[in-house]
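Just need the structure, nothing else, for what follows:
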Amino acid sequence: MPLSRSGSARLSPTLLIAAGLLSQASPVFAADAEDAETLPALQVQETRPASWRPAGGVVAQTATIGTKTDAPLSETPQSVSVVTREQMEMQQAQSLGEALRYTPGIVTGLANADNRYDQLTIRGFNATTLGLYRDGLRQMSNQMTTRIEPFGLERIEVLRGPASVLYGQAAPGGLVNAITKRPTADPLHMVEISGGSHDRLQAAVDLSGRLVDDGRALFRLTALARDADAQIDHNRDDRIYVAPALTLSLGEDTSLTLLASRQQDEAGTPGPLPASGTVLPNMHGRIPMTRYSGDPSLNEFDRTQTAFGWAFEHRFDDRWQLRQNTRYDRLDFDQANVYAYTPLATDGTMVNRGAYRFGVDADLFNTDTQLQADWQAGPASVTSLFGLDYRYNAEDFYQFMGAATPIDLYDPVYGQAIANPSLKVTDNTTRIDQIGVYTHQQIRLPQGLVLSLGGRQDWARSRVTNHMDDDARTSQSDDAFTWRAGAAWAFEAGLTPYVSWSTSFSPVSGTDVDGRAFRPSEAEQLEVGAKFQPDGFDSFFTLAWFDLTQTNVVTASATNPAARYQIGEIRSRGIEVQAVAELGRGVSLIGAYTWQDPEVTRSLGADLHKKPTGIPDHMASLWGDYTVQSGPLAGLGLGAGVRYVGESAGDARNSFTVPDVTLVDLGVRYQAGDWRVAVNASNLFDRYYVAGCSSEANCSLGYERTVVASLRYSW
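Predicted structure coming up:
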């Protein structure tokens with residue numbers, strides 16, 4: 001809904017708290033000459049959470065995503081993974097999906113070699129819209145998913161399982177939190193050029209340091225420009241990304257970091273391909289991995305993402321501290337394309353197509369204020385977190401449809417005269433505001449027992465104005481209570497078994513067959529696992545078993561697809577294993593294994609007791625990396641990885657299967673003084689594979705062999 005006066009009144013206390021603290025912060029002291037080079041730098045570092053700083057390797061010790069505090073990963077009673085900056089550098093990850101390929105429980109790359117979105121599932125549930133976060137705040141609008149530039153990230157955190165207790169409406173399987181690079185007290189200067197497959201040419205710069213000698217003000221500027229084609233013919237992958245940041249030390253106990261970014265993308269729409277010729281046999285052979293089912297005469301994709309926000313922190317004393325993360329996002333998007341929508345005709349080559357145009361103009365505002373207390377209750381050490389967050393989303397969304405000529409997928413003729421789609425099918429304005437209050441208590445008892453308990457209450461309101469129906473308005477209000485309870489037992493040897501029960505919710509728009517507004521969808525999960533972090537060995541091992549059920553899922557009648565009922569249920573069970581280790585002498589290993597068994601347990605459709613599409617039953621990966629430490633080859637690094645993705649269902653009826661695939665990645669780099677050169681190849685042996693299908697008319701090819709070479713100079 002539009003931000004009403006009452007809505008403004010609810011929000012104002014969080015802003016006033018920060019404003020009041022800023023006005024009352026201690027004056028910046030005047031350091032004497034001998035302290036000017038050391039004390040301010042320490043002052044800035046102390047006020048920034050450890051989990052937002054570089055890990056210094058592939059093994060992270062903490063993450064904010066599981067508790068919104070600096071609690072160790074071993075004490076979080078839920079599965080958490082961290083992809084560090086060093087891992088992204090080793091593998092030269094060019095997207096969020098590539099950075100997460102060696103993480104358990106996550107399926108990436110579900111769209112047809114698509115460079116437009118960060119599409120992923122976690123534990124069998126789609127997390128593209130409700131599961132992507134940036135600096136603890138949700139990234140996406142309701143109608144449009146964006147894409148996060150990995151060059152601008154310090155780390156990526158993954159929380160698997162329901163997470164509404166801390167984040168409000170969320171995907172059942174979990175969420176991904178991308179942490180932006182922050183200013184550093186130590187000087188950092190880096191420029192890099194890279195190129196590779198698909199005529200890729202990219203230049204990037206990363207600069208950071210002190211604006212004043214005493215370290216009271218730090219800056220960082222991260223920028224990137226790319227000109228590239230895409231794997232799919234007649235598509236692009238162009239980007240301009242600029243992200244300035246400023247950290248101000250407002251006294252020994254107060255800091256304010258301002259974060260801004262602007263990202264412009266020009267791409268294209270790859271379009272789906274049929275199962276015949278990709279997954280299923282076709283008398284004409286395989287459809288090439290670069291085949292474009294659309295038409296270059298109507299292929300536009302323009303997206304501009306603009307963001308500005310801050311991270312404010314103040315410590316009152318040894319017990320109390322306050323944090324506030326706030327961000328405003330602006331999204332301007334327009335897409336027009338031709339798409340294939342029916343299976344191949346009887347001759348096995350032709351496919352029918354249509355034309356499509358849609359756009360989104362969205363304004364999003366997120367703020368999250370947290371008050372933390374660290375205190376003693378007898379022999380127990382307690383961390384108490386109290387939070388208030390607010391999200392406002394206002395967006396205009398339109399869609400046009402049109403006709404397009406068929407195409408021969410084995411002998412395509414492009415450049416056909418296709419009219420701009422003119423049949424308007426959607427034109428509406430949506431206003432959503434959500435407010436949530438939450439608390440999380442972490443109690444550390446003697447002998448290593450750690451108890452966690454959290455609860456949250458959310459209220460959400462939405463109003464949709466249909467401009468095609470005389471500006472008719474429909475509104476919906478939802479509220480939900482979610483919670484998490486867990487226990488972990490840390491033994492001296494480094495082994496920490498744990499158990500947790502967690503819940504989540506996500507609003508569902510629309511009405512059922514009787515005209516009643518849908519209730520929020522809900523999810524519950526039982527998770528049992530163990531984490532192992534042996535002393536004297538820089539490593540982290542996790543094992544988790546989970547049983548996750550989503551209820552209040554909308555399902556359509558098999559005899560009348562227009563009749564929708566909210567009685568569906570999906571259950572997902574599985575096991576996840578991860579090992580991350582620095583073995584010494586320049587050797588590191590990253591390994592993961594996932595077994596998952598999702599099933600539609602209640603439905604009125606053909607998917608009853610079937611597996612959801614696009615979810616492999618088994619996944620496994622292993623990356624090994626070695627850097628020569630001494631001798632004439634010192635600085636030479638070699639990395640190699642293997643990824644296995646198992647079979648998945650091809651359609652709702654499970655009438656065909658997408659086959660499994662094993663892919664190999666390779667990386668070579670050399671560091672000589674200030675210079676670094678690296679070459680990485682994904683899908684080294686150029687395996688032909690299908691990433692997933694949702695029907696016989698909609699399959700997505702995976703990525704062919706891709707090579708990226710880079711040259712970096714740091715000083």
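
can you give me phi and psi for the spatially closest residue to residue 684 that is not a sequence neighbour?
Nearest in space to residue 684, with sequence neighbours left out and distances taken as CB to CB, 6 or more residues apart in numbering, is residue 664 at 4.5 Å. Backbone N, C-alpha and C define where each C-beta goes, glycine included. With angles defined as degrees, to the nearest 10, residue 664 sits at phi -120, psi 130.

Confirm for me that residue 664 is in contact with residue 642.
Yes: with contact defined as CB atoms under 8 Å, residue 664 counts as touching residue 642 (5.4 Å).

now the helices for the protein?
With DSSP state H applied, the chain shows helices at 5-24, 39-46, 85-91, 96-99, 164-167, listed in chain order.

And these, which one averages the lowest pLDDT?
Sorting the helices of the chain by mean pLDDT places helix 5-24 lowest, at a mean of 35.

sorry, back to before: anything in contact with each of residue 664 and residue 642?
Here residue 664 and residue 642 share no contacting residue, scored by CB atoms under 8 Å, 6 or more residues apart in numbering.

rewinding a little: okay, now the residue nearest to residue 684: neighbour count?
By other CB atoms under 10 Å, 15 other residues sit near residue 664.

which residues does it contact?
640-643, 683-685.

Equivalent analysis for residue 270, please.
Neighbour list for residue 270: 111-114, 230, 232, 235, 292-294 [criterion: CB under 8 Å, 6+ apart].

rerun at 10 Å
Neighbour list for residue 270: 111-116, 230-235, 290-294, 299, 337, 339, 700-701 [criterion: CB atoms under 10 Å, 6 or more residues apart in numbering].

among the residues you listed, which are in strands?
Applying DSSP state E to the contacts of residue 270, the entries found in strands are 299, 337, 339, 700-701.

can I get the contacts of residue 664 in TSV with neighbour count, pLDDT and distance to residue 350?
Supplementary listing: the contacts of residue 664 in TSV, determined by neighbours: other CB atoms under 10 Å; pLDDT from 0 to 100; distance: CB to CB, whole Å:
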residue	neighbour count	pLDDT	distance to residue 350
640	16	98	43
641	22	98	40
642	15	98	39
643	19	97	35
683	21	96	30
684	17	97	35
685	10	97	32
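
just those residues now: which is nearest residue 95?
Nearest to residue 95 out of the contacts of residue 664 is residue 683 (CB to CB; 14.2 Å).

Correct me if wrong: that closest one contacts residue 665.
Yes: under the criterion of CB atoms under 10 Å, residue 683 makes contact with residue 665 at 7.4 Å.

Stretch 424-437: which residues count as buried?
428-436 (16 or more other CB atoms under 10 Å).

Any chance of these in a markdown table with distance to residue 534 as columns?
Formatted as a markdown table, the buried residues of stretch 424-437 follow (distance: CB to CB, whole Å):
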| residue | distance to residue 534 |
| --- | --- |
| 428 | 56 |
| 429 | 56 |
| 430 | 51 |
| 431 | 52 |
| 432 | 47 |
| 433 | 48 |
| 434 | 43 |
| 435 | 44 |
| 436 | 38 |
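
Contacts only, for residue 618.
If you count contacts by CB under 10 Å, 6+ apart, residue 618 has them with 574, 593-596, 644-647, 660.

swap in residue 377?
Taking CB under 10 Å, 6+ apart as the definition, contacts of residue 377 comprise 384, 443, 445.

mind redoing it with 8 Å?
residue 443.
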